[in-house]
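J.: Starting from these lines, generate the structure:
(chains A and B)
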2 protein chains.
Amino acid sequence: MQAKKPIILKGTRDFDAVQISQRNYIFDTVRQVYQQYGFSPLETPALEHLATLTGQYGQEGEQLIFKILNSGDFLAGVDRRSITADYKVLLPQIAEKGLRYDLTVPLMRYVAMHSHQLTFPFRRYQIQPVWRADRPQKGRYREFYQCDADIVGTPSLVCEAEILAMAYQVLQQLGIRHFSIQLNHRAILQGLVTLIGKADKENEFCMAIDKLDKVGRERVLEELESKGFPPAALEQLNFIFELPETNQDKLEMLNGYLGQVEVALKGLQETQQILQYIAALGLEDMPITLEPTLARGLTYYTGAVFEVKMHNFNVGSVGGGGRYDNLTDRFGVPGLTGVGFSLGVDRIYAVMEEQNLFPAYSAVTTQVMLTNMDSEAEQLALRIITQLRMQGIKAELYPEQGKLKKQLNYANKKNIPFVVIIGTEEKAAGKFTLKDMHTGTQQLYTLAELIAKLK
Amino acid sequence: MQAKKPIILKGTRDFDAVQISQRNYIFDTVRQVYQQYGFSPLETPALEHLATLTGQYGQEGEQLIFKILNSGDFLAGVDRRSITADYKVLLPQIAEKGLRYDLTVPLMRYVAMHSHQLTFPFRRYQIQPVWRADRPQKGRYREFYQCDADIVGTPSLVCEAEILAMAYQVLQQLGIRHFSIQLNHRAILQGLVTLIGKADKENEFCMAIDKLDKVGRERVLEELESKGFPPAALEQLNFIFELPETNQDKLEMLNGYLGQVEVALKGLQETQQILQYIAALGLEDMPITLEPTLARGLTYYTGAVFEVKMHNFNVGSVGGGGRYDNLTDRFGVPGLTGVGFSLGVDRIYAVMEEQNLFPAYSAVTTQVMLTNMDSEAEQLALRIITQLRMQGIKAELYPEQGKLKKQLNYANKKNIPFVVIIGTEEKAAGKFTLKDMHTGTQQLYTLAELIAKLK
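T.: Residues are numbered from 1 along each chain as shown, chains lettered A, B, ... in the order given. Now for the predicted structure:
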């Protein structure tokens, strides 16, 4: 048999002990803060019926769902004529399952399934991987973790304020600085397109304006013109590119321009209310900014939308969310509104690496290695290693008898801080030499002393 | 749009807060013991190239790998004639990725990819889900977690002993009783078929004998006869059904029958050595039993094999493993031998539920809920909730203003132990009523007292 080159799938990653410890530092912090805000954990399976996953992410998103080929003879029962046609005709006949694309749709499926038993408002967090059949590139993966928190079943704007405060506290606890939390409202965006007489082109408007901080004002206006927004109409929007500093001044200005546009009113009032709730929470340094050009891609948002953006660090948003209505309608459970937030672990990881925020190396590693010089020493080592472990000490015996140098070399490479040497002298004295691998010093101990020293 | 019924995929599960806390209790215990034995964590992606996954699990296993349909137009470039043929011809043309089927093959891919940087012997543990396209039934899932530990790169039998001791300690730490750890060696099985002149039928022999504890001696013998083992030959094997009690007596008996069968000698010696190492570890109560009929399904084992079996609890094995040689050969890295062990979390969960071993309900839940009677109380609540959280107290504000009864009812259903009531009196006094939801008692506190009480 010819050897295959061992290759990992593009866009996926292995994580070693150091990376796992760093990622767990992020997960643990997120979990802790989410719990402080009263959220309970939920986990859902990686596999869902395609019927659950589709119809939710738009055409572009849907193409990025990984589809699972039906098991066994997937062509049995397939109309053979449809096989030679378009792949889109064949697809639903040979694939009925897909991989989780985000954590919101599984939540909706769960809430709809259990709507009679759950206590509403339902607060859940979920930290799990999702999969997207995206073209892999720097910083974009096909398998990555999301950390979501949602409150389902109440229109209360206290929830928006709490979720934004929570996002702020996670980042603060991780030591991340130089970011702002942008807030907007779908109704404000609707108000803007209505103001310029293009209420029917809200989607095109959002898609273009959303790129403002990436491509700049000129190119956004160019795109809008090319999409059929007349220059004269666009001129009426100049004010959104020249907003004052404070949220209160911004709101006043928006009220001035949109105060007569009825669809905008709900957005203006709710935004005002959310900002007041945030103020009441007393998190003085929270960098929340009203940003009327923030649109967020996902079409299912219906109220407030928000996004965490890093300054001077080209990583996109590290998290975002918003309010959605009626996401469980299609599962036969109407009238539920919810608001949620999702943190992207990989982008947070990138920021923390760049800002040097991980605590000193804390990967899981063996604390002490016992050398293995000969059969007699091996017997002795086996006897004491059980006692070390019983005391909670992470210990391993070098599994082969052989040269001390090779064994110390192994301990060195693995960053094991202590080595116990059991040689002729030690056996005679009934003691053990403990070598500190950093300082190189050695000392003779009884077993009890050894345990005390290592604990 | 017609509503779809919200359904979860058969063989997969959602986990709520209680189940997650119970499962984490298992994961944390496993992780802690594995680390005490000097293993470091590794995580690999859920998706692998099918070329990596195939050729490893036998034909039956291979059919159970979930295959991912290629993205986009998966029929582009496919020879249209092959489409109408057998699905096996089409399959490799439209699916190049699969879901992780176990944790051993990804480990081999990882070790082969990094063989120049890794320090051998390489000890890693891995706790991740795997997926199998099995027919779902009670206790058998399509998505389930495995907890693997492997030592790669040394033939030392100390590793077998340590891994078996580790499995014992995990189960002991979880409080599980009434199990035995069965040990056998592939060379002993080879010896048995050679003894009866059927060395060419080792696979058929192993498949039949492996079912002994499920179907009993009679039916095993029937199956063997039907597979072409003559009754006279099988009679020579009577002794393996009538073994003495102790491992030492069993070994002597096996030595008596197989001492002249050359292929068996390595197995007898190594088994003896492993038992001696285990004795040296001093874990007196460890229920290790030599079981010459234990075969283990996976064809890649080449040395010792082992399995943890529960007494009187029909759950199959809760874990198993063995030594394998040359698993990285096919990736162009020859000569590596390894030994590993895998614990099945779902079976352990079932045993622990049955034996009532989970610690008292410890799901993550809000510690205190603040009521929300009117706007003024809401403002006050928002101000103090931040301070409660800063002190690490899990707190939530009921998000809607409304009847106290409804709010207390919510707290009750969610098992929230304390509720802070902020009414007219409380506002006047600048204090807060803390209601203990279990006893029903209420008391007035200042904020400082409240924090002290809740911490």
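J.: Flag every residue of the stretch 351-455 of chain A that's near chain B.
T.: Within reach of chain B by CB under 8 Å from any CB of the partner chain, the stretch 351-455 of chain A has these residues: A:363-366, A:369, A:372, A:378-379, A:382-383, A:385-387, A:389, A:392-397, A:399-400, A:410, A:413-414. Placement of C-beta: from N, CA and C, glycine included.
J.: And the residue of the stretch 351-455 of chain A that's closest to chain B?
T.: Distances between the stretch 351-455 of chain A and chain B by CB to the nearest CB are smallest at A:Glu396, namely 2.9 Å.
J.: which secondary structure elements does the helix or strand hosting that residue contact?
T.: Here A:Glu396 sits within strand A:395-397, counting by DSSP states H and E. Where contact means 3 or more CB pairs under 8 Å, 6 or more residues apart in numbering or on different chains; DSSP states H and E, strand A:395-397 is packed against strand A:368-370, helix A:375-390.
J.: What are the structural domain limits within chain A?
T.: For chain A, automatic domain parsing gives the domain ranges A:17-45+A:100-354, A:364-454.
J.: Pick the most deeply packed of the ones you listed.
T.: domain A:17-45+A:100-354 (a mean of 19; mean count of other CB atoms under 10 Å in any protein chain shown).
J.: Now it: average pLDDT?
T.: Averaging pLDDT along domain A:17-45+A:100-354 gives 94.
J.: Turn the helices and strands packed on strand A:395-397 into JSON lines, including mean pLDDT and distance to A:Leu221.
T.: Output for the helices and strands packed on strand A:395-397, formatted as JSON lines (pLDDT from 0 to 100; distance: least, CB to CB, whole Å):
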{"stretch": "strand A:368-370", "mean pLDDT": "96", "distance to A:Leu221": "66"}
{"stretch": "helix A:375-390", "mean pLDDT": "93", "distance to A:Leu221": "68"}
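J.: Could I get those in TSV, plus columns for distance to A:Ser71?
T.: Below are those laid out as TSV (distance: least, CB to CB, whole Å):
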stretch	distance to A:Ser71
strand A:368-370	46
helix A:375-390	43
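J.: Tell me which of these lies nearest to A:Leu107.
T.: helix A:375-390 (41.3 Å; CB to CB).
J.: what's next to that closest one, contact-wise?
T.: A:368, A:370-372, A:395-397, A:401, A:420, A:422-423, A:427, A:432, A:447, A:450-451, A:454, B:36-37, B:158, B:161, B:165, B:169, B:277, B:280-283 (CB atoms under 8 Å, 6 or more residues apart in numbering or on different chains).
J.: Pull that helix out as PDB, backbone CA atoms only.
T.: What follows is helix A:375-390 as a C-alpha-only set of coordinates in PDB (Å, rounded to 0.1, in the frame of the first residue of the first chain):
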ATOM      1  CA  SER A 375      14.400  -3.300  36.700                       C
ATOM      2  CA  GLU A 376      14.900  -2.800  40.400                       C
ATOM      3  CA  ALA A 377      14.600   1.000  40.200                       C
ATOM      4  CA  GLU A 378      11.500   0.500  37.900                       C
ATOM      5  CA  GLN A 379       9.800  -1.600  40.600                       C
ATOM      6  CA  LEU A 380      10.500   1.100  43.200                       C
ATOM      7  CA  ALA A 381       9.400   3.800  40.900                       C
ATOM      8  CA  LEU A 382       6.100   2.100  40.200                       C
ATOM      9  CA  ARG A 383       5.500   1.800  43.900                       C
ATOM     10  CA  ILE A 384       6.000   5.400  44.600                       C
ATOM     11  CA  ILE A 385       4.300   6.800  41.500                       C
ATOM     12  CA  THR A 386       0.900   5.600  42.700                       C
ATOM     13  CA  GLN A 387       1.500   7.500  46.000                       C
ATOM     14  CA  LEU A 388       2.500  10.700  44.200                       C
ATOM     15  CA  ARG A 389      -0.700  10.500  42.000                       C
ATOM     16  CA  MET A 390      -2.900   9.800  45.000                       C
END
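J.: about what we covered before: want to throw the domains of chain A into CSV with distance to A:Gly55?
T.: Listed next are the domains of chain A as CSV, based on distance: least, CB to CB, whole Å:
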stretch, distance to A:Gly55
domain A:17-45+A:100-354, 7
domain A:364-454, 43
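J.: Any idea which of those gets closest to B:Ala133?
T.: Using CB to CB, the domains of chain A put domain A:17-45+A:100-354 closest to B:Ala133, at 13.6 Å.
J.: from the middle of its chain, how far away would the closest one be?
T.: 14 Å (CA atoms, centre = their mean, to the nearest Å).
J.: First-to-last residue distance for it?
T.: Across domain A:17-45+A:100-354, the terminal residues are separated by 20 Å (CA to CA, to the nearest Å).
J.: Stretch A:163-181 too?
T.: 11 Å.
J.: For the stretch 51-200 of chain A, just list every one of the helices.
T.: Secondary structure of the stretch 51-200 of chain A (DSSP state H, counting those that start in this stretch): helices located at A:58-63, A:80-83, A:87-94, A:104-113, A:158-173, A:186-195.
J.: Columns distance to B:Ile176 on top of those, output as JSON lines?
T.: Converted to JSON lines, the helices of the stretch 51-200 of chain A look like this (distance: least, CB to CB, whole Å):
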{"stretch": "helix A:58-63", "distance to B:Ile176": "45"}
{"stretch": "helix A:80-83", "distance to B:Ile176": "52"}
{"stretch": "helix A:87-94", "distance to B:Ile176": "43"}
{"stretch": "helix A:104-113", "distance to B:Ile176": "31"}
{"stretch": "helix A:158-173", "distance to B:Ile176": "37"}
{"stretch": "helix A:186-195", "distance to B:Ile176": "53"}
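J.: Between these, which one is closest to B:Gln137.
T.: That would be helix A:104-113 among the helices of the stretch 51-200 of chain A, by CB to CB, at 21.1 Å.
J.: Output the contacting helices and strands for the closest one.
T.: Checking 3+ CB pairs under 8 Å, 6+ apart, helix A:104-113 ends up next to strand A:47-49, helix A:50-53, strand A:122-131, strand A:143-152, strand A:337-344.
J.: Make TSV from those and add distance to chain B to it.
T.: Below are these laid out as TSV (distance: least, CB to the nearest CB, whole Å):
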stretch	distance to chain B
strand A:47-49	5
helix A:50-53	6
strand A:122-131	7
strand A:143-152	5
strand A:337-344	10
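J.: In a markdown table: these, plus distance to B:Gly61.
T.: Converted to a markdown table, these look like this (distance: least, CB to CB, whole Å):
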| stretch | distance to B:Gly61 |
| --- | --- |
| strand A:47-49 | 18 |
| helix A:50-53 | 25 |
| strand A:122-131 | 23 |
| strand A:143-152 | 23 |
| strand A:337-344 | 35 |
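J.: and A:Gln93, how far is that from chain B?
T.: 12 Å (CB to the nearest CB, to the nearest Å).
J.: Wait, that residue touches A:Val78, no?
T.: Yes. Applying CB atoms under 8 Å, one finds A:Gln93 in contact with A:Val78, separated by 4.8 Å.
J.: still on that earlier bit, so who does the residue of the stretch 351-455 of chain A closest to chain B touch?
T.: A:366, A:368-370, A:385, A:416, B:37-38, B:123.
J.: Tell me the pLDDT of it.
T.: 95.
J.: Leaving out sequence neighbours, find the closest residue to it.
T.: B:Gly38 (2.9 Å; CB to CB, 6 or more residues apart in numbering or on different chains).
J.: Among the contacts of A:Glu396, which one lies nearest to B:Arg217?
T.: B:Tyr37 (36.9 Å).
J.: OK, contacts around the closest residue to the closest one other than its chain neighbours?
T.: For B:Tyr37, ignoring the flanking residues on the chain, the nearest one in space by CB to CB, 6+ apart is B:Met166 at 4.7 Å. Neighbouring residues of B:Met166 by CB under 8 Å, 6+ apart: B:33-34, B:37, B:149, B:341.
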